[in-house]
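1. Predicted model follows, preceded by the sequence.
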Amino acid sequence: MEHKLAYQIKWAWSFSKPYREALLLYFLLELIALGLSLLFIYYSKHAIDYAIAGDTARMKHALWLAVWSILGGQGASLYASWVNDRMRSRMLVSLQQDVVDAQMHATWRVVKNWPTGDVMVRVNTDCQEVVQMIGTTAVDAMVTVFRLLSAFGFLWMMDPMLAVLILCISPLVVFSKLYFKKLRNMNQQLKRAESNLGNVVQENMRFRLVIRALGLERIRKQKVTESQKAIYAMKMRVLNFSTVSKGILRFTVNTGFLLTFVWGIFRLHAGEITFGTMSAFLQLVGRIQGPVLTLMGFVPTFIRFRTALERVDEMLQSEKEEKVAAEYLPAIQHVRLRGVGFRYEDKGVLDQFNADFVRGKPTAVVGASGKGKTTLIRLLLCLLRPDSGLLQLHTDGREIPLSSAHRTNFAYVPQGDKLFSGTIRENLQVNRLPVSEERIREVLVTSCALFVYDLPDGLDTVVGESGYGLSEGQAQRIAVARALLQDCAVWLFDEVTSALDPSTGTELTERLIKVGQDKIMIFVTHDRMLIERCSQVVYIS
């Protein structure tokens with residue numbers, strides 16, 4: 001989605017609210033540094049004139065004032081940089097937290113359209129560019145305008161004709177408008193190419209062992225190379241365009257400097273100005289050159305900011321699940337589904353689906369792949385909303401419509417990635433309340449995961465992303481133990497025995513059924529052994 005400039009300025013102003021005092025301080029410090037730099041020019045001019053005139057006392061006085069001006073300016077500039085860096089760090093943390101939080105609460109329909117690599121590029125690169133503009137570049141642009149105007153005013157007081165000449169050969173605004181739109185389009189294409197590279201790299205890193213096992217290294221490397229080539233080509237287009245633009249501007253500005261130099265030499269030769277005034281001329285023209293080039297460089301930075309803000313705001317404005325307080329229900333008798341229907345954009349999955357999951361009655365959910373078992377799990381966890389029908393919890397004689405507030409009552413063991421980077425203990429203790437060592441050992445026994453204590457660091461053994469360092473079966477059993485520690489009324493297991501040998505799978509199933517006699521147990525499975533041990537089987541066809 002493409003935002004208008006007015007919306008983006010309003011967004012930036014709103015985002016800057018907690019940081020406006022720091023922004024104002026940074027702006028004032030930069031103005032102080034600017035004022036002191038102009039004082040340096042003023043006093044250095046007089047010091048040169050007094051030196052030529054032989055007035056030693058006044059020369060020393062002017063030199064001291066010039067030295068203190070430059071030292072004061074450096075001090076103010078240094079403190080301004082410290083204030084700005086500290087503020088931008090806070091800004092970046094806040095914006096990244098907002099973006100990550102928005103994605104963590106995004107609906108499933110949104111999440112499935114956001115590849116992780118693209119999200120990472122937006123969180124890291126785009127957020128950085130937005131913060132850079134709001135926290136630094138915007139203020140620097142205003143200070144640069146002041147610097148340009150003050151230098152121009154100073155020059156006007158010394159020689160109005162020269163000031164007018166410099167103004168006429170500074171086509172900044174007109175030139176910027178000519179290439180603004182084209183540069184923005186190229187920048188948008190570059191951002192899309194960078195997101196595509198992020199997706200490819202993220203997939204390669206996540207599935208690097210699978211890629212090696214399947215012998216796909218060459219193909220996956222080629223995809224990275226192609227993405228990098230696309231980015232390089234786009235960067236070369238931007239570079240070539242910017243180089244020509246900057247070359248034209250630099251030529252114009254340097255022409256102004258040359259004219260100033262020639263103009264000053266002739267006036268000095270004619271005795272119309274002093275050598276000190278000539279020195280001030282050259283310094284002031286340099287201080288006009290710098291701001292003009294800086295403002296020219298501000299344009300592509302502003303274009304990148306607008307593109308980055310569109311991408312960040314797109315994530316912030318994406319559809320989110322409504323935040324509700326968790327509602328813990330310890331005495332759920334059963335979960336009822338009546339007439340449930342759901343379809344994805346391209347196909348229907350469930351139609352008039354009915355089921356009852358009762359406490360103390362283990363239920364196996366079976367069906368061919370692609371028939372709706374995963375969809376049922378998402379509906380039970382309220383990650384999806386049914387197109388029709390009812391999902392209800394029955395507790396203490398009440399019928400409560402199932403909502404995301406009740407997710408806390410479900411202990412879920414997924415089929416895919418089950419563990420996070422960190423220690424086994426950190427993976428187990430997902431609740432805020434501390435858990436005793438005895439309780440941890442108890443759930444590890446139930447989940448057939450006592451092997452944990454045989455690892456070099458026991459519960460403090462560090463596992464990698466997706467459980468790297470453990471076998472799939474070991475990671476699966478630790479995930480089961482984590483679910484048991486949550487002490488929820490409903491246990492929801494997705495292919496809980498898929499990575500286990502028959503003996504361990506049977507033992508785990510029997511222990512879960514024995515320990516979970518007061519629980520609602522739902523097993524989504526293809527395992528015939530597990531199906532035979534369940535009291536009820538629900539078929540999805």
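-> Nice, thanks for sending it over.
2. Where does Asn354 sit: helix, strand or coil?
-> What DSSP: H, G, I helix; E, B strand; the rest coil gives for Asn354 is strand.
3. Number of residues surrounding it?
-> By other Cβ atoms under 10 Å, the residues close to Asn354 number 12. C-beta: built from backbone N, CA, C; applies to glycine.
4. can you check the one 3 residues further on too?
-> Residues contacting Phe357 under the criterion other Cβ under 10 Å number 21.
5. what's the closest non-adjacent residue to it?
-> Val335 (4.4 Å; Cβ to Cβ, 6 or more residues apart in numbering).
6. show me what contacts the one you found?
-> Residues in contact with Val335 (Cβ atoms under 8 Å, 6 or more residues apart in numbering) are 356-357, 380, 391-394, 402, 490, 520.
7. hmm, 10 Å instead?
-> Each residue near Val335 by Cβ atoms under 10 Å, 6 or more residues apart in numbering is listed here: 355-359, 363, 380, 391-394, 402, 406, 409-410, 489-490, 492, 520, 522.
8. That one sits in which helix or strand?
-> Taking DSSP states H and E as the definition, Val335 sits inside strand 332-343.
9. what are the pairing partners of that strand, and which direction each?
-> The strands that strand 332-343 pairs with in its sheet are strand 348-358 (antiparallel), strand 388-395 (antiparallel) (by DSSP bridges).
10. how about that strand: buried residues?
-> For strand 332-343, the neighbour count (16 or more other Cβ atoms under 10 Å) marks 332-337, 340, 342 as buried.
11. export those residues to a markdown table and tack on distance to Asn431 and pLDDT?
-> A markdown table is the format used below for the buried residues of strand 332-343 (distance: Cβ to Cβ, whole Å; pLDDT from 0 to 100):
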| residue | distance to Asn431 | pLDDT |
| --- | --- | --- |
| Ile332 | 19 | 90 |
| Gln333 | 24 | 92 |
| His334 | 25 | 91 |
| Val335 | 22 | 94 |
| Arg336 | 28 | 94 |
| Leu337 | 28 | 94 |
| Val340 | 30 | 93 |
| Phe342 | 31 | 91 |
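12. so what's the backbone phi/psi at Ser447?
-> In this entry, Ser447 is assigned phi and psi values of phi -90, psi 10 (degrees, to the nearest 10).
13. end-to-end on stretch 449-463?
-> 15 Å (Cα to Cα, to the nearest Å).
14. Mind listing residues that contact it?
-> Identification of contacts with stretch 449-463 by Cβ under 10 Å, 6+ apart yields 419-429, 437, 440-441, 443-444, 468-471, 473-482, 508.
15. I figured Lys45 was touching Leu63, is that so?
-> No. Taking contacts as Cβ atoms under 10 Å, Lys45 lies outside contact range of Leu63: 11.7 Å.
16. between the two, who's got more neighbours?
-> Neighbour tally, Lys45 and Leu63, criterion other Cβ under 10 Å: the higher count belongs to Lys45, 23 against 17.
17. Now do the helix or strand that contains the more buried one: which elements does it pack against?
-> For Lys45, the enclosing helix or strand under DSSP H and E is helix 20-53. Helices and strands touching helix 20-53, as assessed by 3 or more Cβ pairs under 10 Å, 6 or more residues apart in numbering; DSSP states H and E, comprise helix 56-104, helix 138-158, helix 275-316.
18. For the strand holding Val335, list the C-alpha coordinates in CSV.
-> The C-alpha coordinates for strand 332-343 follow below in CSV (Å, rounded to 0.1, in the frame of the first residue of the first chain):
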residue,chain,number,x,y,z
ILE,A,332,-14.0,-28.1,31.4
GLN,A,333,-16.1,-31.2,30.9
HIS,A,334,-16.1,-31.3,27.1
VAL,A,335,-15.5,-29.3,23.9
ARG,A,336,-18.3,-29.4,21.4
LEU,A,337,-18.3,-28.6,17.7
ARG,A,338,-21.6,-28.2,15.9
GLY,A,339,-22.1,-27.6,12.2
VAL,A,340,-18.6,-26.1,11.8
GLY,A,341,-17.6,-25.0,8.3
PHE,A,342,-14.4,-23.5,7.1
ARG,A,343,-12.8,-22.8,3.7
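19. Isn't Arg482 up against Trp491?
-> No. Using Cβ under 10 Å, Arg482 is not in contact with Trp491; the gap is 11.8 Å.
20. overlap in contacts of the two?
-> Taking Cβ under 10 Å, 6+ apart as the criterion, Arg482 and Trp491 both touch 411-413.
21. residues in contact with the closest residue to Ala449 other than its chain neighbours?
-> Leaving out its chain neighbours, the residue that sits closest to Ala449 by Cβ to Cβ, 6+ apart is Arg477, at 4.0 Å. The contact partners of Arg477, by Cβ under 10 Å, 6+ apart, come to 413, 418, 444, 446-452, 470-471, 496, 499-500, 504, 508.
22. one more time with 6 Å, if that's ok
-> Arg477 makes contacts with 447-449, as judged by Cβ atoms under 6 Å, 6 or more residues apart in numbering.
23. Now render the helices and strands packed on helix 20-53 as CSV, adding mean pLDDT and distance to Asp126.
-> Formatted as CSV, the helices and strands packed on helix 20-53 follow (pLDDT from 0 to 100; distance: least, Cβ to Cβ, whole Å):
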stretch, mean pLDDT, distance to Asp126
helix 56-104, 89, 9
helix 138-158, 79, 17
helix 275-316, 77, 4
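24. which parts of stretch 517-537 are buried?
-> 519-525, 527, 530, 533-534.
25. Assess the claim that Ala80 and Leu24 are in contact.
-> No. If you go by Cβ atoms under 6 Å, Ala80 and Leu24 don't touch, sitting 11.5 Å apart.
26. In terms of neighbours, single out the busier of those two.
-> Shown here are Ala80 and Leu24; by other Cβ under 10 Å, Ala80 has more neighbours (21 against 11).
27. Can you tell me, leaving aside adjacent residues, what's nearest to that one?
-> Spatial nearest neighbour of Ala80, chain neighbours left out: Leu29 (3.7 Å); criterion: Cβ to Cβ, 6+ apart.
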